[in-house]
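1. Quick one, structure for this:
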Amino acid sequence: MPFRGKLYRALNPVYAREPLSGRGAELYGGRFNPKGVPALYASLSVMTALREANQVGNLQPTTLVSYDAEIERVLDGRDVAELASLGMDASTLAASNWRDEMKTRGIARTQEFARQAIADGYQALLVRSFAVGAKDDDFNLVLWQWADVAPSKLILIDDEHRLSRSP
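-> Below is the predicted model:
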């Protein structure tokens, strides 16, 4: 399924000048990307983005950015049949032990699922947010491929060039 619309990310200020890099996820891995695979974890709402970026303890300094997105091949994480075709189910997507799996197995089952989805040509995954306080209608779009042109177009909204100004 295609996605067209606004996306939001709440970034650690360390990465604020590189809001299109995916570097943090690439260095440390995430629920839906193993270490070494860049990914952008974006949300469909501002509040979901804030919840995602501040899951442990108190609200930390955060830089909020938005994007215009036109992504052609999005895996719909709400589609039970599509998940099953890739050996995945909703409870495994939501499992909170993915970090433990990374430590014990070297790769989490959700990361293996992401590798398969990428190999099958998906550019992104639409998935429910599992952050504390998220509701059933809070969604993320995890991007594995993005560029400034189709078919995985992602454009940072920074009309005033705030992120490129010298500190």
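2. Mean pLDDT per helix and strand in this structure: which one sits at the bottom?
-> helix 23-28 (a mean of 89; mean pLDDT, DSSP states H and E).
3. pull the CA atoms of whatever helix or strand comes next after that helix into CSV?
-> Sequence-wise, the next helix or strand downstream of helix 23-28 (DSSP states H and E) is strand 40-43. Extracted in CSV, the C-alpha atoms of strand 40-43 (Å, rounded to 0.1, in the frame of the first residue of the first chain):
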residue,chain,number,x,y,z
LEU,A,40,13.9,6.3,10.1
TYR,A,41,11.3,5.8,12.8
ALA,A,42,8.6,8.4,12.1
SER,A,43,5.1,8.8,13.5
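4. counting contacts, what elements does strand 40-43 pack onto?
-> The criterion is 3 or more CB pairs under 8 Å, 6 or more residues apart in numbering; DSSP states H and E, and the helices and strands that strand 40-43 contacts are strand 3-11, helix 46-53, strand 139-143. All C-beta atoms are positioned from the backbone trio N, CA, C, and that covers glycine.
5. what angle separates the shortest one from helix 46-53?
-> For the pair strand 139-143 and helix 46-53, the angle between their directions (axes from the mean of the first three to the mean of the last three CA atoms, to 10 degrees) equals 60 degrees.
6. repeat for the longest one
-> Orientation check (the same axes, to 10 degrees): strand 3-11 against helix 46-53 gives 50 degrees.
7. Identify, out of the helices and strands packed on strand 40-43, the most deeply packed stretch.
-> strand 139-143 (a mean of 24; mean count of other CB atoms under 10 Å).
8. where in the protein is pLDDT low?
-> 165-167 (pLDDT under 70).
9. quick one on the thing from earlier: among the helices and strands packed on strand 40-43, which comes closest to residue 64?
-> strand 3-11 (5.2 Å; CB to CB).
10. Return the alpha-carbon coordinates of that closest one using CSV.
-> The C-alpha trace of strand 3-11 is given here as CSV (Å, rounded to 0.1, in the frame of the first residue of the first chain):
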residue,chain,number,x,y,z
PHE,A,3,1.5,6.2,2.0
ARG,A,4,1.2,9.9,1.3
GLY,A,5,1.1,12.5,4.1
LYS,A,6,2.9,14.2,6.9
LEU,A,7,5.3,12.3,9.2
TYR,A,8,6.9,13.5,12.5
ARG,A,9,10.0,12.6,14.4
ALA,A,10,11.2,13.6,17.8
LEU,A,11,15.0,13.4,17.7
